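A.B. asks: Structure for this input, please:
(2 chains)
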Amino acid sequence: MSSQYDLEILQEIEDPTIRPKLIMGESTTYASLDDDVVGIIEGFTQKTSIAWYLMIGATLSVLTMLGGIVAYLIVTGVGIWGNQSPVFWGWPIVNFVFWVGIAHAGTLISAILFLLKQDWRTSINRFAEAMTIFAVCCAGLFPGIHVGRMWVVYWLFPIPNQMEMWPNFRSPLLWDVFAVGTYATISLLFWYMGLIPDLATIRDRATTKLRQGIYAVFSMGWTGSSRHWHRYEKAYLILAGLATPLVLSVHTVVSFDFAVSQLPGWHTTIFPPYFVAGAIFSGFAMVNTLIIPIRSIFKLQHIVTLRHLEVMNKVILATGSMVGYAYAMEFFIAWYSGNPYERFVFENRAFGNYWWAYWTMVSCNVIFPQLFWFKSIRRSVPAMLAICILVNVGMWFERFVITVTSLSRDFLPGSWNYFKPTTFDYLTFLGSFGLFFTLFLLFVRFLPMIAISEVKGILYKQNNSGH
Amino acid sequence: MDNNQNELPHLGLLAEYETPEALMAASEKVRDGGYKRWDTHTPFPVHGIDDAMGIKPTILPWIVLGAGATGTMTALLLQWWTNAVAYPFLISGKPLFSWVPSFPVTFELTVLFAGVTTLFAMLGLNRLPRLHNPLFEVKRFARATQDRFFLAIDSADPLFNDRSARALLESTGANAIDEVPNKGASLVPPIWLLQVGIMLAFASFVPLGLIYSSWESTSDKPAWHFVWDMDFQESYRAGEKVPLFENGMAMRAPVEGTIASGELFADSSFHRGVLDDASLAIPAVDRDASVYVVESPMPATMALMERGRERFAIYCIPCHGASGNGNGIVQQRAQKLIPLDMVSNWVTPTDVTTETVASQPDGQLFDSITNGIRNMPAYGPQITVEDRWAIVLFVRALQRAANATIDDVPAANRGGL
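C.D. replies: Prediction:
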C-alpha cells in the first residue's frame, strides 16, 4: 500500500531544513491534477470498471435487502427488532448515533480547518464531506423507521395538521430533528458549492455531448470569473463560519437526547463535549478507513500523502484521548457524586452483564489509538488502517454501551432485562452499510474525489513560496 | 444592451495567459486603461486579483445577516406561537415560553436560513445559473477551469475600440488573443418546452388537490388496514373473559390478604376512633357514646390546629359554614331553592357547636367524618387519618369559641370587642 511518494515524504518530514510538501511529485501541474482526478471519472479502465460493477452490485443487493426489511418493518412493527421493555432504544438508536457521529468529520475538515487555515485539508475535504452526507443519510434513516408508524412521521415537524396540535419544543428529540435536518442541509449545500468549479472542469474536459450537458447543468455555467470567485470565496468563508458552531451543536443536541432525560448513566453534563469529541474521533477514523484503499486504488498518493494521513492520526489520537478522559470522568463523577444509583450504573457498565461491550469499547477507543504516540505506527499505512477500523468498531460499541446498559437496568429492578438483538437488527445495520457504500461508489464514479480547484490553489502557493 | 449589438463583429476580446502573475499584471493595465466591462477567468481564486481588477467588496455578508436574523425571529415566533398561544403546552408548571429551551431550535434555524441564503445569494449575485455564455464559443476558453488564465474585455464597454483594446492586450504579453464570436441572440428555449413547462406546473396541483378533496370529504367505507399487527393486537381488557386462567378473568387479582402500601389500618382507636372494632357492627345511631375513644390520640399542637383549620376550610365549610354553625353556602342556597320547590327532603347541616355535638367524645366526631352520618357522606376515602384528627381538634376549637364568655378573652384584648 505504500508508494514511492510515501517513502519520499517520510524523508521530507524527517529533514528539518525543508518544508514538507502538501502535493507531491516533481511533474505535478494544474493539468496533471485534472488528469489524476477527473481522469478517474473519464477513463474508468476495464479492470476498474469490472471491479466497480461487482462492488456496486453487491452494495445494491444489500440496499435492496434493507428496503425489504423496512417494508416488512412497516407492516409488522418494531417488534421485529430486539427492542423490548425496558430497552426501547435498541440498535436503531445506537446506529443512528453511530452514523451521525461519523458524519462530523466532513464539515469539521471543511469548515473548522478552513477557518484555522489548515491547507492540508484541501486534499481530503471533498472526500470527507461526501462521507458526511452519506453518513447523515444512513443516520436519518434510523429515527425515521424507529418511530414504528412511519406514516405519521410528519408529526416531528411543526406543520399545521388536522389535529391542530404542535410539537413540543421543549423535547430534545424535536431539537434533534432541527439539528440533524439543518446539518444535512448545510453539509449538502457546502459540498455542492465546493463542487461547482470542479464540475465545470469536468464539463470543459468532456469529450461527449452527454457528459458535457449533464455536468454543464450541475456546474450552473461556472466560468471561473474573478468577480464570481470573489463572492464565492466570501460565501465559502461565511458558510465555514456558520458550519463551525453547527457541527459542534449537532452532536451536542444528539447528546441531549440522553442527557436531558433522568436516567442514571445518561443524565450528565459531560455528555455534549464528550459526544462531540467522540464524533470527530469516529469521523476521522472513518475518513482514514476509506481513503487509505481509495488513494492506492486510484493512485492519488501524491495528493493524499502520508503526511495528510499522519495529521489525521494525530487528530484521532487527540480526540481518542479526550474520549478516554470522558470515560474516566464519568466513573469519577459517579463515585464523587455519592449517588448510589449513578454508582451502580457505572459498576454495572464495567463489570455487569455487558462487561464485554464495555471493555471492547475501552480497548478500541482508548488503548489502541494510544499507539499513535509512536511515529512508526502513525506513519505505517497497515497499522493506521487496522487502528482506524478498530476505532470504528469501538465507537459503535460506545453508543451500544451508553444506550443499552443504562436502559436495561432502569429504576424498577422488576423490569430489568438483557437486550438480545434479533436477526433483523443485524440485517438493518448491515443494510445501512449497503446504503452508505452504494452512495459512496456512485460518488467515486461520477464526482471528483479531490477538491481540484482548491488543490490547484495550494499547488500554486507551494510552487511560489520561498522564491 | 443596445440594439446594434447583433451587428458587432464580435462580443469582445479574450486573452490567454500562462500564469496568475501575468494575468495580474495585465489586469492592472486594463484597469488603469479605464475599462469597466471586463473580467478575468481563472481555474482557482487568484489572491490579489481583486485589487488588480478593482473589485469592490460584495454585499453578500449583509444579505446573510438579514437572513440569519429572519431565521432567529422565525424560530422564536414559531416556538412562542405554537407552544404558548396556539396549543399551550403546560409542562411541570413551567412558563409556556422561556428563552433557554428555545435556544437549540433558534440556533439551528438561524444557521439554516443564513446558510441556504449564502449559497443562493452568491449564485444570484453572480447571475448563475447561466447555462449559455458566449465565452464558451471560444475553444481555448475550456482551459479557464483547468490550467490557463484568461482576461476578457466586453465590446459593450463604452471605451471599447477593437484596435486599441487589441493593442493593450498584446502589450501584456498574452499567449493568444481570440475574438468572442457573435452568434446573434443568446439561446432561447424552444416554445414547446415552455408549453410543457406550463402544463407540468398545472399538473403538479393535481395530487395536492386530490389530497385536499379526500381530506375534506367523508366516507362511509371501512378504513383500510395496512398494518394488521398493529391494528388488531392480541390483548385482553381487565374484566374480559379468557380461557387462560382458572377463574376465567383476564386480570390477575392480588394474592389474598394483600394490603396496599400504607393501607394497613390496624389500630382501631387511631384509625377508626373506637375502643373495640366489634362495636362497629352496631349501626352508628344505636351506638353508645362509650364505645368511642374519649380523647384524640394525636397531641393537640398549634401545627395540628392550623392543619385542621385548613382541612376544615376545604372539606367542611361548604355545608357547615366557617364558624361551624351549619349555615354554609350549600345551606344558604338550599334555603333559596326550597320556596321554588326545587329541593325536597332537605336536611339542614348540623350545627357542630351545639351542646349535643360538643358532648360527643372525640372518637365519635372522628367516626362521623370517616363514615358520614345521616345525609353527610363519608370523608374517610378523601381525608387522611391524621387530617381527620386535625379537623376534630379544630371543631373542638370552634365549639369552645361559640360558647365562650367574656372571661375567655384575655384581659388585654377585651377593649377590642
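
A.B. asks: Any regions of the chain where pLDDT drops low?
C.D. replies: Defaulting to chain A. Filtered on pLDDT under 70, chain A yields the residue ranges A:1-2, A:44-46, A:466-467.

A.B. asks: hm, I was asking about chain B
C.D. replies: B:1-8, B:184-189.

A.B. asks: Strands of that one, start to end?
C.D. replies: B:10-17, B:38-41, B:149-154, B:176-181 (DSSP state E).

A.B. asks: Any idea which of these gets closest to residue A:406?
C.D. replies: strand B:38-41 (58.2 Å; Cβ to Cβ). From N, CA and C alone the C-beta is placed, and that goes for glycine too.

A.B. asks: what about that closest one and chain A, touching?
C.D. replies: Yes. In terms of Cβ under 8 Å from any Cβ of the partner chain, part of strand B:38-41 sits within range of chain A, namely B:39, B:40, B:41.

A.B. asks: Drop anything exposed from these.
C.D. replies: B:39, B:40, B:41 (16 or more other Cβ atoms under 10 Å in any protein chain shown).

A.B. asks: give me the beta-bridge partners of the first one?
C.D. replies: Right, the one you point to is residue B:39. Under DSSP bridges, the beta-bridge partners of residue B:39 are residue B:152.

A.B. asks: And stretch A:335-345, how far out from the chain middle?
C.D. replies: With Cα atoms, centre = their mean, to the nearest Å as the basis, stretch A:335-345 stands 33 Å off its chain's centre.

A.B. asks: can you check stretch A:414-424 too?
C.D. replies: Relative to the chain's own centre, stretch A:414-424 is displaced by 28 Å; criterion: Cα atoms, centre = their mean.

A.B. asks: Start and end of that stretch, how far apart?
C.D. replies: 27 Å (Cα to Cα, to the nearest Å).

A.B. asks: Please identify the buried residues of stretch B:83-101?
C.D. replies: Here stretch B:83-101 shows B:83, B:84, B:89, B:97, B:101 as buried, counting by 16+ other Cβ under 10 Å.

A.B. asks: The nearest residue to residue A:421 once chain neighbours are set aside: neighbour count?
C.D. replies: Among residues not flanking residue A:421 along the chain, residue A:82 sits closest, at 4.4 Å (Cβ to Cβ, 6 or more residues apart in numbering or on different chains). Residues near residue A:82, counting by other Cβ atoms under 10 Å in any protein chain shown, number 18.

A.B. asks: wait, isn't residue A:82 in contact with residue A:91?
C.D. replies: Yes. The pair residue A:82 and residue A:91 qualifies as a contact (Cβ atoms under 8 Å) at a distance of 7.0 Å.

A.B. asks: Spatially central residue (nearest the centroid) of chain B, please.
C.D. replies: By Cα atoms, centre = their mean, the mean C-alpha position of chain B lies nearest to residue B:83, the distance being 3.8 Å.

A.B. asks: close enough to count as contact, that one and residue A:171?
C.D. replies: No. Here residue B:83 does not reach residue A:171: they are 10.5 Å apart, not a contact under Cβ under 8 Å.

A.B. asks: right, is whichever helix in chain B runs longest up against chain A?
C.D. replies: Across chain B, the longest stretch assigned as helix under DSSP state H is helix B:99-125. Yes. With Cβ under 8 Å from any Cβ as the measure, helix B:99-125 is seen reaching chain A through B:101-102, B:104-105, B:107-109, B:111-112, B:114-116, B:118-119, B:121-123, B:125.

A.B. asks: got it, and stretch B:44-63?
C.D. replies: Yes. Counting by Cβ under 8 Å from any Cβ, contacts between stretch B:44-63 and chain A involve B:44, B:45, B:46, B:49, B:50, B:53, B:55, B:58, B:60, B:61.

A.B. asks: need the contact list for residue B:36.
C.D. replies: Applying Cβ atoms under 8 Å, 6 or more residues apart in numbering or on different chains, we find residue B:36 in contact with B:157, B:158, B:159.

A.B. asks: Can you flag the buried ones in these?
C.D. replies: residue B:157.

A.B. asks: Identify the nearest residue to the residue nearest to the centre of chain B in space, disregarding sequence-adjacent positions?
C.D. replies: residue B:89 (4.7 Å).

A.B. asks: roughly how far apart are the one you found and residue B:241?
C.D. replies: From residue B:89 over to residue B:241 the distance is 41 Å, taken as Cβ to Cβ, to the nearest Å.
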